[in-house]
Structures are given as C-alpha cells and as structure tokens.
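# Quick one: sequence plus predicted model below, questions after.
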Amino acid sequence: MKHIYLNLKRFDIPKEYGGVNNIASPGEWGKYIVENTKDQLNKYDKNEIEFVMYFPEAHLLGAISALNENSILQIGCQSVFREDTANGGNFGAFTTNRTGNAMKAIGCTGTIIGHCEERKDKAGILSEAGVTDTDAVNRILNKEIKAAIAAGLHVLYCIGESADEQKNWQEVLSKQLSIGLDGVDKSKIAIAYEPIWAIGPGKTPPDREYIEKIAKFIKTETNGLPVTYGGGLKVDNAKMLASIPEVDGGLIALTRFQGEIGFYPDEYLEIIKTYMGK
Ligand SMILES: O=C[C@H](O)COP(=O)(O)O
C-alpha cells in the first residue's frame, strides 16, 4: 500500500500578499484544488494507494464539499488542539483552537501533526519564556496525536532533523518517535520523514542511500509503521523515491520550486503519475 500526502501549508495566500496562490480566488481555493484533481485520482485503486490532502482550516469545507461520493481522496486538517469536547466535560470553550472533534464532525478523516513548521511555532512559544526544550515540544505533540485519535482521525506524524542536528540524527529522531508516540495506538499512525534542511525552494533532497538508511531506522524504531518521504519531492526525484523499498510513499507540498513557485494541481498529478509509474 502506497500513501501520497499533500500538505497545502498556507499556499492559499494570494501573490499580492506575498503568498504563492495565483490559481484560484481565496474563497474558492480548496474547492478548486479538489475539483481539479479528484477525477484523475479516482482512476487509482483504493487498495493500492491512499491520497490525503491537508488544508488550512478555512478551506476544509470547500474541499470536502467538492468530493464525490466514494472518492479515493481524503481531506485532513493541519494538526489539532491537545484538548477536546466531551459529554459532561468541555462543551466547546476553545476560542482560536481547532479540536479533533470539530474536524471529524465536518468530514476530515485525518490530520498532519508535528510538521517542522508546527514544531518551530511551539519551540518559539517556549523560547519566549527563555526555554529551549525539544522534549516538551514532543510531549505537546503527543497530546495532540492522542486527541486526534480519540476524535477518530488518522495521523500523519512528521519527524526530521535540522542541519545542526544531522550529526546526532539518531538521537533526535528516536526522541521524536518515542516521546511523540508514547502510549499511542500505532494502527492510526503513518510517519513522514522530512529532513528540515531539504524543505522548500533551493534545497537539495538527500540521496537514495540517506533516505534508505533513515527509513530503515524509523521502521525498526516503530515496529514497521508506514514511512513516507517529504522535502523537495517533485517529478525529478519521484521515480527514485518510489524505488526505495522501505519508503511507502511521499509527502508533497510545493510542486514548482523555481520561477512562479507554488502548488499547481496538474503538476501534483504529474508527480503522482511518475511516482506510481502510471
Ligand atoms: O510538508 C511538506 C514539506 O514541508 C515539504 O515541502 P516541499 O515539498 O515544499 O519541500
């Protein structure tokens, strides 16, 4: 079984505001992406491949409303709050927070947790208090994962080392996995390995050997959870990545890394075609 995940980050922000969106008006953007990919994606076999797109919250309803009945494509949100509603408990007093139950109720099936941009945000809050504590970040993510699973969502848990952490990558990844997944129902989890130093325009992804080594390590540490690769995944390297037996799929974000950088539905479909060889 292969897994192709798409993290749409904040690619909805129009160019005039400094973003990369020139494909649809902001109000229609989520719907536009689903409408321009769903038919091609439906040609793949559900038993062979899973597709999940993670949208910013404002675009979830548009994206979900554009799905066909029995669509292969699933829609997910970008992380969830570590607490949630409960009968007899909190009734929804969560101003500014996106809870798992709220996301499940509108039709999300999964969520992406622990992306390096989320880790950076949490580390930034801690640093305001003069604290540097990556274990604490992993513990907060662990709570989010548990809240997501309790709400019935599948979780794509992202891990990865920064350029500075490359020398002790085993220790860094091992802690992200052991603390982040402590006490978690592993049947609801897939891992996205993203070396932080390989994410975004102008960055070069690791070679096959590097990814193979890390994917084997993750599988050993997690008793064989699905491992996907993200960070500069594009048409040029999709075939190489698909040929690594330990890698079960990919996490795509930008589809164009030069010129008019951004996310383009036709280029996303091209990456999948190359990855799947059909
Ligand atoms: O979530 C996806 C990753 O951050 C990869 O981003 P990228 O494909 O734009 O390098």
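Thanks, I have it.
# how about the lowest-mean-pLDDT helix or strand in the chain, does it reach the ligand?
Taking mean pLDDT, DSSP states H and E as the measure, the chain has helix 235-242 as its least confident helix or strand, at a mean of 94. No - Helix 235-242 lies apart from the ligand when judged by C-beta under 6 Å from any ligand atom; the minimum separation is 10.5 Å. For every residue, glycine as well, the C-beta is placed using N, CA and C.
# Pull out the buried positions in that helix.
Residues of helix 235-242 classed as buried: 235, 237-238, 241-242 (neighbour count, 16 or more other C-beta atoms under 10 Å).
# Name the nearest of those residues relative to Ile13.
Checking the buried residues of helix 235-242 against Ile13 with C-beta to C-beta, the nearest one is Val235 at 24.3 Å.
# Tell me where the protein has helices.
29-35, 38-41, 60-65, 100-106, 116-128, 134-150, 169-180, 208-222, 235-242, 265-276 (DSSP state H).
# Out of those helices, which is closest to Gly259?
Comparing the helices of the chain by C-beta to C-beta, helix 265-276 comes nearest, at 11.8 Å.
# near the ligand, which residues of this protein?
7, 115, 194, 199-200, 230-233, 251-254.
# now what about stretch 143-154, what contacts it?
52, 76, 79-84, 99-101, 103-104, 108-111, 113-114, 155, 157, 180-181, 183-185, 188-190 (C-beta atoms under 8 Å, 6 or more residues apart in numbering).
# hang on, the earlier thing: pLDDT-wise, what's the bottom of the residues of the chain next to the ligand?
For those, the weakest pLDDT value sits at Gly200, with 85.
# returning to that earlier point: could you flag which of the contacts of stretch 143-154 are buried?
If we count by 16+ other C-beta under 10 Å, these have these buried: 52, 76, 79-84, 99-101, 103-104, 108-111, 113-114, 155, 157, 180-181, 184, 189-190.
# Out of these, name the ones that lie in strands.
52, 76, 110-111, 113, 155, 157, 189-190 (DSSP state E).
# list the contacts for Gln40?
269, 272.
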